[in-house]
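Novice: fold the stuff below for me.
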Amino acid sequence: QLQLVESGGGLVQPGGSLRLSCAASGFTLDNLAIGWFRQAPGKEREGVSCISWSDITYYSDSVKGRFTISRDNAKNMVYLQMNSLKPEDSAVYYCVAGDSYRALVASGVGRYWGPGTQVTVSS
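Specialist: Numbers count the residues shown, from 1 in each chain. Below is the predicted model:
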């Protein structure tokens, strides 16, 4: 079965940190671009960060300097380290794998999507 599964979400206080993980099964991530997207209730889906197969990275202005995306091809995993979290970071976070880094960054076009993990930043 080809799937992505996110983990690591939860409730954290403002200023805290979380690390999200994205695990792939049934296929390898080596040659794919991977992105993290988020969607809060009543808001449009937002591209947070992407990483190409050659480790080129993209961050949205809202998370630049606070979030770090990385990949471990040996483990077939991608991570999103989130620091200095703010209440406005609260959302369901999705992991996406696609063939084109540019398409992923520009339009969120991906071949595989995970079910999402909830991140809540609140005191």
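Novice: got a list of contacts for stretch 25-32?
Specialist: Stretch 25-32 has contacts (C-beta atoms under 8 Å, 6 or more residues apart in numbering) with 1-5, 53, 71, 73, 76-78, 97-99, 111-112. The way it works is simple: take the backbone N, C-alpha and C, and place the C-beta from them, glycine included.
Novice: that one: end-to-end distance?
Specialist: 14 Å (C-alpha to C-alpha, to the nearest Å).
Novice: same deal with stretch 108-119?
Specialist: 20 Å.
Novice: what comes up buried for that stretch?
Specialist: By 16 or more other C-beta atoms under 10 Å, the buried positions in stretch 108-119 come out as 108, 110, 112, 113, 114, 116, 117, 119.
Novice: average pLDDT for it?
Specialist: Average pLDDT, stretch 108-119: 94.
Novice: now do stretch 77-94
Specialist: Stretch 77-94 comes out at a mean pLDDT of 98.
Novice: distance between the ends of that stretch?
Specialist: The first and last residues of stretch 77-94 sit 14 Å apart, counting by C-alpha to C-alpha.
Novice: please point out which parts of it sit buried.
Specialist: 77, 78, 79, 80, 82, 85, 89, 90, 91, 92, 93, 94.
Novice: repeat for stretch 49-68
Specialist: So for stretch 49-68, counting by 16+ other C-beta under 10 Å, buried means 49, 50, 51, 52, 58, 59, 60, 63, 67, 68.
Novice: next: stretch 33-43.
Specialist: 33, 34, 35, 36, 37, 38.
Novice: can you give me the helices for the chain?
Specialist: Ranges of helices in the chain, per DSSP state H, are 101-107.
Novice: what pLDDT is listed against the spatially most central residue of the chain?
Specialist: The residue lying closest to the centre of the chain (C-alpha atoms, centre = their mean) is residue 36, at 2.3 Å. Among the per-residue scores, residue 36 holds a pLDDT of 97.
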